[in-house]
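In: got a sequence here, can you build the structure:
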Amino acid sequence: MSGRHTDLPDYVIFAVLLFYTLTMAGLFALRRSRQEMNKPYLAFGYPVLPSVYISTAGMIEVLLGAPVYSIWRKENRTNGKLAGPKAAEPTR
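Out: From the prediction side, this is the model:
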């Protein structure tokens, strides 16, 4: 962790996206496990829209993670925090 105050929104956005995805997954689990339960509200577009949201949110996380990881690796290499790949030492 770099300790910069600009990192906080990144962590918050990731956590919010994660919990929204878990909420949608919980909707499926609850509707499957408690079919007899009273449903005081309707989930718009259920089951299509929640499943599209879950798959889209997962893809967004993966697609956003790749450039963030490469930037992180580049910063750490220039700061000397990451060493390059080490050659394997022969065992005797």
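
In: and the pLDDT at residue 88?
Out: Note on residue 88: pLDDT of 53.

In: one more: residue 82?
Out: The model's pLDDT for residue 82 equals 61.

In: what of the one 10 residues further on?
Out: Reading off the per-residue confidence, residue 92 sits at a pLDDT of 58.

In: so residue 60 makes contact with residue 17?
Out: Yes - assessed by C-beta atoms under 8 Å, residue 60 is found in contact with residue 17 at 7.3 Å. From N, CA and C alone the C-beta is placed, and that goes for glycine too.

In: pull out the buried residues from the helix or strand where residue 27 lies.
Out: Residue 27 is located in helix 7-33, with elements delineated by DSSP states H and E. Neighbour-count burial for helix 7-33, counted by 16 or more other C-beta atoms under 10 Å, picks out 21, 24, 27.

In: for the record, mean pLDDT for the helix or strand hosting residue 66?
Out: Assigned by DSSP H and E, residue 66 belongs to helix 48-78. For helix 48-78, mean pLDDT is 83.

In: which elements pack onto that helix?
Out: helix 7-33 (3 or more C-beta pairs under 8 Å, 6 or more residues apart in numbering; DSSP states H and E).

In: tell me the angle the helix it packs on makes with helix 48-78.
Out: 150 degrees (axes from the mean of the first three to the mean of the last three C-alpha atoms, to 10 degrees).

In: show me what helix 7-33 is packed up against.
Out: Counting contacts by 3+ C-beta pairs under 8 Å, 6+ apart, helix 7-33 packs against helix 48-78.

In: name the residues of the helix it packs on that come out as buried.
Out: 50, 53, 54, 57.

In: find the nearest non-adjacent residue to the last one, please.
Out: Across the structure, with C-beta to C-beta, 6 or more residues apart in numbering as the measure, the residue nearest residue 57 apart from its sequence neighbours is residue 21 (4.7 Å).

In: my guess is that neighbour contacts residue 51. True?
Out: No - at 11.2 Å, residue 21 and residue 51 do not qualify as touching, with contact defined as C-beta under 8 Å.

In: could you check how far residue 69 is from residue 28?
Out: Per C-beta to C-beta, to the nearest Å, residue 69 is found 30 Å from residue 28.
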